[in-house]
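Novice: Sequence plus predicted model, see below.
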Amino acid sequence: MIFLYRYCRMLEEGSFRGRTADFVFMFLFGGFLMTLFGLFASLFFLGQAFTIMLVYVWSRRNPYIRMNFFGLLNFQAPFLPWVLMGFSLLLGNSIIIDLLGIAVGHIYYFLEDVFPNQPGGKKLLLTPSFLKMVFDTPEEDPNYNPLPEDRPEHLPRDQDQHEQQHPQ
């Protein structure tokens with residue numbers, strides 16, 4: 001839970017700042033792929049895979065951050081999912097769930113960040129407009145002219161200040 005909270009927060013405040021719909025779309029895309037792959041591999045508890053996916057995306061988007069694992073191992077952020085997988089292996093857990101999270105995270109990262117920047121590449125993951133309409137704040141129209149009562153100079157507080165400066 002701590003990993004999920006921490007890396008969701010860092011993604012949302014970092015590379016997804018102001019792009020809530022894209023953040024939700026990443027969740028939906030990752031959840032769909034994990035469920036699909038999980039059905040084929042007979043995996044039913046995918047929470048850890050989802051967390052590893054978020055860690056993978058965060059680590060690839062922050063490649064220069066130095067990490068420290070239990071004070072024993074220093075490494076760059078892109079190695080974090082692999083270090084966590086190695087730790088799971090040391091604990092005797094199956095690494096299939098971790099590999100699923102890394103695979104789904106890599107598919108998202110590749111389609112969102114790598115492929116569009118290649119020669120001839122284009123953005124394949126497009127956030128649906130209904131998600132943008134629901135989650136993102138609309139851009140302000142530069143041609144919008146508010147009604148006189150909605151303009152800042154007509155707020156009651158401004159009227160009180162005006163009356164104090166110019167008594168009748």
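Specialist: Okay, I see it.
Novice: pLDDT of the longest helix seen in the chain, averaged?
Specialist: Longest helix in the chain, counting residues (DSSP state H): helix 20-40. The pLDDT scores in helix 20-40 average 91.
Novice: Give the other helices and strands that it contacts.
Specialist: Judged by 3 or more Cβ pairs under 8 Å, 6 or more residues apart in numbering; DSSP states H and E, the packing partners of helix 20-40 are helix 2-13, helix 47-61, helix 96-109, helix 129-135. Where you see a C-beta, it was placed from the backbone N, CA and C, and this is true even at glycine.
Novice: most packed of the ones you listed?
Specialist: helix 47-61 (a mean of 23; mean count of other Cβ atoms under 10 Å).
Novice: how distant is whatever helix or strand comes next after that helix from the center of its chain?
Specialist: Note on helix 47-61: by DSSP states H and E, the next helix or strand toward the C-terminus is strand 66-69. Distance, stretch centre to chain centre, for strand 66-69: 21 Å (Cα atoms, centre = their mean, to the nearest Å).
Novice: coming back round to it: relative to helix 47-61, how tilted is the longest helix of the chain?
Specialist: 130 degrees (axes from the mean of the first three to the mean of the last three Cα atoms, to 10 degrees).
Novice: Run through who's touching helix 20-40.
Specialist: Residues outside helix 20-40 that contact it (Cβ atoms under 8 Å, 6 or more residues apart in numbering) are 11-12, 16, 43-44, 46, 49-50, 53-54, 57, 100-101, 103-105, 107-108, 112, 125, 127-128, 131-132, 134-136.
Novice: Just the CA coordinates for it, please, in PDB.
Specialist: The C-alpha trace of helix 20-40 is given here as PDB (Å, rounded to 0.1, in the frame of the first residue of the first chain):
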ATOM      1  CA  THR A  20      -5.800  13.700 -14.600                       C
ATOM      2  CA  ALA A  21      -7.600  12.100 -17.500                       C
ATOM      3  CA  ASP A  22      -4.300  10.700 -18.900                       C
ATOM      4  CA  PHE A  23      -3.500   9.400 -15.400                       C
ATOM      5  CA  VAL A  24      -6.900   7.600 -15.200                       C
ATOM      6  CA  PHE A  25      -6.400   6.300 -18.700                       C
ATOM      7  CA  MET A  26      -3.000   4.800 -17.700                       C
ATOM      8  CA  PHE A  27      -4.900   3.000 -14.800                       C
ATOM      9  CA  LEU A  28      -7.500   1.700 -17.100                       C
ATOM     10  CA  PHE A  29      -5.000   0.600 -19.800                       C
ATOM     11  CA  GLY A  30      -2.800  -1.100 -17.200                       C
ATOM     12  CA  GLY A  31      -5.700  -2.700 -15.500                       C
ATOM     13  CA  PHE A  32      -7.200  -4.000 -18.700                       C
ATOM     14  CA  LEU A  33      -3.900  -5.500 -19.900                       C
ATOM     15  CA  MET A  34      -3.100  -7.000 -16.500                       C
ATOM     16  CA  THR A  35      -6.600  -8.600 -16.300                       C
ATOM     17  CA  LEU A  36      -6.200 -10.000 -19.900                       C
ATOM     18  CA  PHE A  37      -2.700 -11.400 -19.300                       C
ATOM     19  CA  GLY A  38      -3.700 -12.600 -15.800                       C
ATOM     20  CA  LEU A  39      -6.600 -14.600 -17.200                       C
ATOM     21  CA  PHE A  40      -4.200 -16.400 -19.600                       C
END
